[in-house]
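Q: Sequence and predicted structure are below.
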Amino acid sequence: RESRLVTRLVDHLATVLAFLEAVSAHDVQAALTTVQLMLLVVREAPLTEAVQRKVRDLEMLPSISSLLASPSEILRNESILLLDALIGTHAQTQGILVASGIFDSLFAIIDDEGGLRGGVIVADALGVIDHLVLLNSSTSRLLVESPDHFPKLLQLCEPTPLL
């Protein structure tokens, strides 16, 4: 029964995305519930090429990525989890997200959360960065060759004094 529901939701991702875009700026609770529903779908439905293609064709990735700038921390945090689940090892998905400026958003979140001392949110953001560059030489190169991103990555590697 649950798998039938997930299959039907995958078929109606365009409607779910339109709803998310309509409510995200005005109703944080509705947006949060929608992101959580999408996360359930992505986690339960096999992340097949067909599902990935549908996500790309609907141009969902930049819309979801834009939620990383939400003033609502819980919406931002759930969006990190959704993006992580969507990325997989699909090079095209990784490339779309990198082109939409996701590195800037993720490093801003890491900075806001206190760097490596930021806990679970920082770990999730770093996990997304890892999945963006995993087995993808193009996105890895963009990260390393960026005048903005690579120094931020190096800064995270510097030892910090204990308080």
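A: Happy to help now that I have it.
Q: Show the low-confidence segments of the chain, by residue range.
A: In the predicted model, the chain carries pLDDT under 70 at residues 1-7, 9-10, 45-52, 58, 89, 159-163.
Q: Which residues in the longest helix along it does the neighbour count mark as buried?
A: The residue-count maximum for a helix in the chain (DSSP state H) belongs to helix 28-44. Under the neighbour-count criterion of 16 or more other CB atoms under 10 Å, helix 28-44 has Ala31, Leu32, Thr33, Thr34, Val35, Met38, Leu39, Leu40, Val41, Val42 buried. In short, each C-beta sits where N, CA and C put it, glycine included.
Q: So which other helices or strands are in contact with it?
A: On a contact count with 3 or more CB pairs under 8 Å, 6 or more residues apart in numbering; DSSP states H and E, helix 28-44 meets helix 2-11, helix 13-23, helix 73-87.
Q: Looking at these, which is nearest to Ser65?
A: Judged by CB to CB, the one of the helices and strands packed on helix 28-44 that comes nearest to Ser65 is helix 73-87, at 6.5 Å.
Q: For whichever strand or helix holds Gln94, give me every contacting residue.
A: Element membership for Gln94, per DSSP states H and E: helix 91-99. Counting contacts by CB atoms under 8 Å, 6 or more residues apart in numbering, the residues outside helix 91-99 that touch it are 52, 55-56, 61-62, 65, 83, 86-87, 131-133, 135-136, 138-139, 142-143.
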